[in-house]
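Chemist: please work out how this folds:
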Amino acid sequence: MSDQPTLTNTVADPHLMLAFEGTEIPEWVSRSLQHGRPAGFTLFRGWNIESPSQAVELTTDLQARNQGDQPLLIATDQEGGQLQALAGSTPFSGNMALGATGDEDLAREIGTALGRELRAVGINVNYAPAVDIATLPRNPSLGVRSFGSDPGSVTALGAAVAAGMADSGVLATAKHFPGKGEAAVDPHYELPLLDLTRERMDRVELAPFSRLFAAEIPLTMVGHYLVPALTGSATEPISVSRQGLSTLREDLGFGGVIISDALDMKALDQGSAQVVEFIAMINAGIDLLLCMPDPELRGRAITALEKGHERGLISDTSLASSRKRIELLRSSIPVIEPDTSVVGSVKHLALASRLAERSITLVRDEAGALPLATSGRLLVLEPEPSNVTPADTTALYPPVLSEELARYHPSITARVYPQTPSEGDMSGLLELAPEHDVIVVGTVVAPQAQGRLVTELVASGKPVIAVALRTPFDILEYPSVSTYVATYSSHQPAMAALASKLFGQQGFSGKLPAPIEGLYPLGHGL
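Modeler: The predicted model follows:
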């Protein structure tokens, strides 16, 4: 489209990670690659990636059209677990599952596999690992993206995953600085306040970043949060704060590239006021602005850098230092021939199964309901897969709990219920209980209605096995249940491992990577 902003070899070019909609290169991107020098592109599952083979074609085309002297940074969010940007990739259970194993060697293997699959399709930067500490159970945008609540474990596992990515030739990114574990609202929609002391942050939130920076991780992503302990301001997000980002450079000694979190988050002002914020970000020390496909947002970013520099609001010195870091980063990208055979390979699927088997945690079995018998009638209820935050791809995967349980039991009634079941939905599901001998119910408790459903199923008098399909905190909404399992994932390898364990084919070995307040401590597991 003619109204798409095009780079013209200005000061803005090297400081932008661009994004676009479509599985092929739009005309405006082609012009930008010819006339400008963008740092690179972020690819998204919903907009750009349909399959490994299509991803290879796209990344190869982008690099072929690049007129710069260095390869483009081509990035995505391939965390594993709830955020899997690469279609067709191995469905690993993710960070909190690794936290439940506490196994650094396994974490490094997972990091290597994640990296190998990205490099196999021409992606050379991963916006991972997330090393936020899970200190707030109902954090709306973190959940199983965290390794857990213990800073030492998160530090060790995050460093291992990052090392694995480095082993595979992918540039890893520590995020979301300075740690969003205490964010009570989702920055996609609101600006969170992290009301913590500096002493607390040094001891908890900043610990993983300090370790990763010492290991020379090449990038870190700064989130959009109010952090008065670091910025000295109750109104200025850390991503626009020179004082706040000095914590990165001066206190923690980070010498790599700092990238902003997505610029379309409602935690930031949207509209024309963003021009001021983008100037402030560059002055604060942000090297790369993470643009989204919105052409107006991209235009504001270009205007901010061009006019900010032209008016003397952005100095040549700060831009030169930033460009040097970006050029060094781009020059470090190894040349590896794409090979899609590694994506979703038998070897990686076996690794995903091993992670699932090691992580699933039996939290409670007071009535001795396990293992399940293969006789009688089994009712299986599972919530419809859904995204609980924009940084989520769960809705793209089908529900498979009942399918995996059916491998062991000949008489199953299966129902998939809405994420927020209505009164009618609840009544229909509860009416099924008397007809069955045992009930297995999966939950992802964002809506309280799921807690009510489990509580009323327990009241029916039938044995109920409740399964938390994401974080292990669901039991706080239905504490009366006598058998409770945490899986940290609803992907097929996790559900297959769960079924095997429920029917006694495997034992449980996972341990809680975070405490369940008032019920179970960190490290609990039967």
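Chemist: and the next helix or strand past the helix or strand containing Leu355?
Modeler: Counting by DSSP states H and E, the element that carries Leu355 is helix 346-359. Using DSSP H and E, the next helix or strand after helix 346-359 towards the C-terminus is strand 361-365.
Chemist: doesn't Val444 make contact with Val388?
Modeler: Yes: with contact defined as C-beta atoms under 8 Å, Val388 reaches Val444; the gap is 7.1 Å. C-betas here are computed from N, CA, C, even on glycine.
Chemist: got any residues that touch both of those two?
Modeler: Residues touching both Val388 and Val444 (C-beta atoms under 8 Å, 6 or more residues apart in numbering): Arg470.
Chemist: flag the helix or strand of this structure with the lowest per-element mean pLDDT.
Modeler: In the chain, the helix or strand scored least confidently by mean pLDDT, DSSP states H and E is helix 27-35, which has a mean of 89.
Chemist: phi first, then psi, for Ala75.
Modeler: When quoted as degrees, to the nearest 10, the phi and psi of Ala75 stand at phi -120, psi 160.
Chemist: partners of it in the sheet?
Modeler: Thr42, Val125 (DSSP bridges).
Chemist: residues near it, how many?
Modeler: Ala75: 27 surrounding residues under other C-beta atoms under 10 Å.
Chemist: list the contacts of it.
Modeler: Going by C-beta under 8 Å, 6+ apart, Ala75 touches 17, 40-43, 123-127, 173.
Chemist: how near is it to Asn126?
Modeler: Using C-beta to C-beta, to the nearest Å, we find Ala75 at a distance of 7 Å from Asn126.
Chemist: who touches both of these two?
Modeler: Overlap of the contact sets of Ala75 and Asn126 (by C-beta under 8 Å, 6+ apart) consists of Thr173.
Chemist: that older thread, between the contacts of Ala75, which is closest to Arg470?
Modeler: Tyr127 (20.2 Å; C-beta to C-beta).
Chemist: let me know the pLDDT of that closest one.
Modeler: What the model reports as pLDDT for Tyr127 is 98.
Chemist: my read: Asn283 touches Gly312, true?
Modeler: No: the pair Asn283 / Gly312 is not scored as a contact, 11.4 Å apart, by C-beta under 8 Å.
Chemist: so between the two, which is more surrounded?
Modeler: More crowded of Asn283 and Gly312, by other C-beta under 10 Å: Asn283, with 17 against 8.
Chemist: my guess is the more buried one is in a strand, correct?
Modeler: No: per DSSP: H, G, I helix; E, B strand; the rest coil, Asn283 lies outside any strand segment and is helix.
Chemist: contacting residues for it?
Modeler: The contact partners of Asn283, by C-beta under 8 Å, 6+ apart, come to 242, 313-314, 318.
Chemist: show me which of the residues you listed are buried.
Modeler: Neighbour counting with 16 or more other C-beta atoms under 10 Å marks Ile314 as buried within the contacts of Asn283.
Chemist: can you tell me which of the contacts of Asn283 are in helices?
Modeler: 242, 318 (DSSP state H).
Chemist: of the contacts of Asn283, just say which sits nearest to Ser32.
Modeler: Within those, the smallest distance to Ser32 is 20.6 Å, found for Ile314 (C-beta to C-beta).
Chemist: how about the closest one: what's its closest non-neighbour residue?
Modeler: Using C-beta to C-beta, 6 or more residues apart in numbering and skipping residues adjacent in sequence, the residue nearest Ile314 is Gly308, 4.1 Å away.
Chemist: what do you get for Glu24?
Modeler: Leu58 (7.0 Å).
Chemist: so which strand or helix has that neighbour?
Modeler: Secondary structure from DSSP H and E places Leu58 in helix 52-65.
Chemist: got the angle between that helix and helix 27-35?
Modeler: Between helix 52-65 and helix 27-35, the angle comes out at 40 degrees (axes from the mean of the first three to the mean of the last three C-alpha atoms, to 10 degrees).
Chemist: buried residues in helix 52-65?
Modeler: Using 16+ other C-beta under 10 Å as the test for burial, helix 52-65 gives 52, 54-59, 61-63.
Chemist: cool, stretch 470-484 as well?
Modeler: Buried-residue list, stretch 470-484, by 16+ other C-beta under 10 Å: 470-475, 477-478, 481, 483-484.
Chemist: I figured His309 hits Leu319, correct?
Modeler: Yes: using C-beta under 8 Å, His309 is in contact with Leu319, at 6.8 Å.
Chemist: would you map the helices across the stretch 351-500 of the chain?
Modeler: Assigned helices in the stretch 351-500 of the chain, in chain order: 401-405, 423-432, 448-459, 492-502 (criterion: DSSP state H, counting those that start in this stretch).
Chemist: the helices in the stretch 201-350 of the chain, which residues?
Modeler: For the stretch 201-350 of the chain, the helices defined by DSSP H, counting those that start in this stretch cover 207-214, 228-231, 242-246, 274-284, 295-310, 316-331, 346-359.
Chemist: can I get those in TSV including distance to Glu366?
Modeler: As requested, the helices of the stretch 201-350 of the chain are exported to TSV (distance: least, C-beta to C-beta, whole Å):
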stretch	distance to Glu366
helix 207-214	36
helix 228-231	42
helix 242-246	48
helix 274-284	53
helix 295-310	53
helix 316-331	53
helix 346-359	22
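Chemist: please name whichever of the ones you listed is nearest to Asn95.
Modeler: helix 346-359 (10.5 Å).
Chemist: what residues of that closest one count as buried?
Modeler: Of the residues in helix 346-359, 348-349, 351-359 count as buried by neighbour count, 16+ other C-beta under 10 Å.
Chemist: still on that earlier bit, minimum distance to Gly152: which of the helices of the stretch 351-500 of the chain has it?
Modeler: Smallest distance to Gly152 across the helices of the stretch 351-500 of the chain (C-beta to C-beta): 25.3 Å, for helix 492-502.
Chemist: just want the angle from that closest one to helix 346-359.
Modeler: Using the same axes, to 10 degrees, helix 492-502 lies at 50 degrees relative to helix 346-359.
Chemist: how is the protein carved up into domains?
Modeler: Split into domains by automatic domain parsing, the chain comes to 22-332, 360-502.
Chemist: can I get the ones you listed in a markdown table with distance to Ala514?
Modeler: A markdown table is the format used below for those (distance: least, C-beta to C-beta, whole Å):
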| stretch | distance to Ala514 |
| --- | --- |
| domain 22-332 | 4 |
| domain 360-502 | 7 |
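Chemist: highest average neighbour count across those domains?
Modeler: Of all those, domain 22-332 carries the top mean neighbour count, a mean of 21, counting by mean count of other C-beta atoms under 10 Å.
Chemist: surely Pro479 and Ile516 touch.
Modeler: No: with contact taken as C-beta under 8 Å, Pro479 and Ile516 are classed as non-touching, separated by 9.6 Å.
Chemist: how far does stretch 481-493 sit from the chain's center?
Modeler: With C-alpha atoms, centre = their mean, to the nearest Å as the basis, stretch 481-493 stands 19 Å off its chain's centre.
Chemist: ends of that stretch, what's the gap?
Modeler: One end of stretch 481-493 sits 25 Å from the other (C-alpha to C-alpha, to the nearest Å).
Chemist: helix or strand right after the helix ranked longest in the chain?
Modeler: Ranked by residue count under DSSP H, the longest helix found in the chain is helix 151-168. Next along the chain after helix 151-168, taking DSSP H and E as the criterion, comes strand 171-177.
Chemist: out of the helices of the stretch 351-500 of the chain, flag the one nearest Tyr417.
Modeler: So among these, helix 423-432 is nearest, using C-beta to C-beta, at 5.7 Å.
Chemist: taking helix 448-459 as reference, get the angle to the closest one.
Modeler: Helix 423-432 runs at 20 degrees relative to helix 448-459, counting by the same axes, to 10 degrees.
Chemist: contact partners of helix 423-432?
Modeler: Outside of helix 423-432, the residues within contact range by C-beta under 8 Å, 6+ apart are 379, 381, 413, 415, 417-418, 421, 449, 452-453, 456-457, 460.
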